[in-house]
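Asker: Return atomic coordinates for the entry below.
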Amino acid sequence: MRLIFSLEKLGKSLHVSLAYGTFCPSYESYIGLFPIRGAIPENPSSKIQVALDWLTAVALGDIHKLASLFTDDFVHSVYPPTLNLPSRNKQQWLEYNKVALTFFKDYTTEVKEIVEGRRTVVLHTTSSAVSSTGALYNNEYVIFVHLTEDANGVYRIMSIKEFIDTLYSAEFSAEEKKRYESMGKKFNLREIAVNNGGYL
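Answerer: Residues are numbered from 1 along each chain as shown. Model prediction:
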């Protein structure tokens, strides 16, 4: 099958259509343009495809695509609760990503496992990127994507529960702050991210 997504670069919209599959011989040549790889079904269901579209849009920073995937009452929550981060509605989460995704480049996601339920897709993933200081960023997630089906049979995301590697996030934030300070910049990356409704 084919996945079509848009990549905004230098103020222009580039539309890319890629064939992909778990063992597609030409797939690796797209790494860098196509930001997700791993245990991806060759013929994903409509529900799994929406979850994959979400992963791709996050990696590309495609805010317009993200908005189109969500219901109006969408809610995003970060777990575990010990992080003390409030749940965010659609607008709050989109605004957060406008800020957070500017801190990274070359963002890619590897899908380790996908489990599909009646109205839920569970994703086990890892991500890698390069921060604005040039540091390598790697994290691990378990994501519950809850879906609803409209009258036309189109699935949209109504809520997401995202579990993250909290120890790594805290350590990376502390080290990134030191790197900024060594460059003569007083910049608390985690504080800015949290103030904009999210986390690293």
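
Asker: Tell me who's in contact with residue 140.
Answerer: Taking C-beta atoms under 8 Å, 6 or more residues apart in numbering, we find residue 140 in contact with 125, 126, 127, 164, 165, 168. Bear in mind the C-beta positions are built from the backbone N, C-alpha and C, glycine included.

Asker: Let's have those in TSV, adding neighbour count.
Answerer: Output for the contacts of residue 140, formatted as TSV (neighbours: other C-beta atoms under 10 Å):
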residue	neighbour count
125	20
126	15
127	20
164	20
165	15
168	14
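
Asker: so of those residues, which ones are in helices?
Answerer: Members of the contacts of residue 140 lying in helices (criterion: DSSP state H): residue 168.

Asker: Residue 48: how many residues sit nearby?
Answerer: By other C-beta atoms under 10 Å, 21 other residues sit near residue 48.

Asker: please begin residue numbering at 762 from this point
Answerer: Yes, from this point I'll number from 762; that puts the last item at residue 809.

Asker: what helices or strands is the helix or strand harbouring it leaning on?
Answerer: Here residue 809 is covered by helix 807-821, with elements defined by DSSP states H and E. Helix 807-821 sits against strand 763-770, strand 797-799, helix 824-830, strand 865-877, strand 881-892, strand 897-910, strand 916-925, with contacts defined as 3 or more C-beta pairs under 8 Å, 6 or more residues apart in numbering; DSSP states H and E.

Asker: And the ones you listed: which comes nearest residue 943?
Answerer: strand 881-892 (13.5 Å; C-beta to C-beta).

Asker: What angle do helix 807-821 and that closest one make with each other?
Answerer: Relative orientation of strand 881-892 with respect to helix 807-821: 20 degrees, computed using axes from the mean of the first three to the mean of the last three C-alpha atoms, to 10 degrees.
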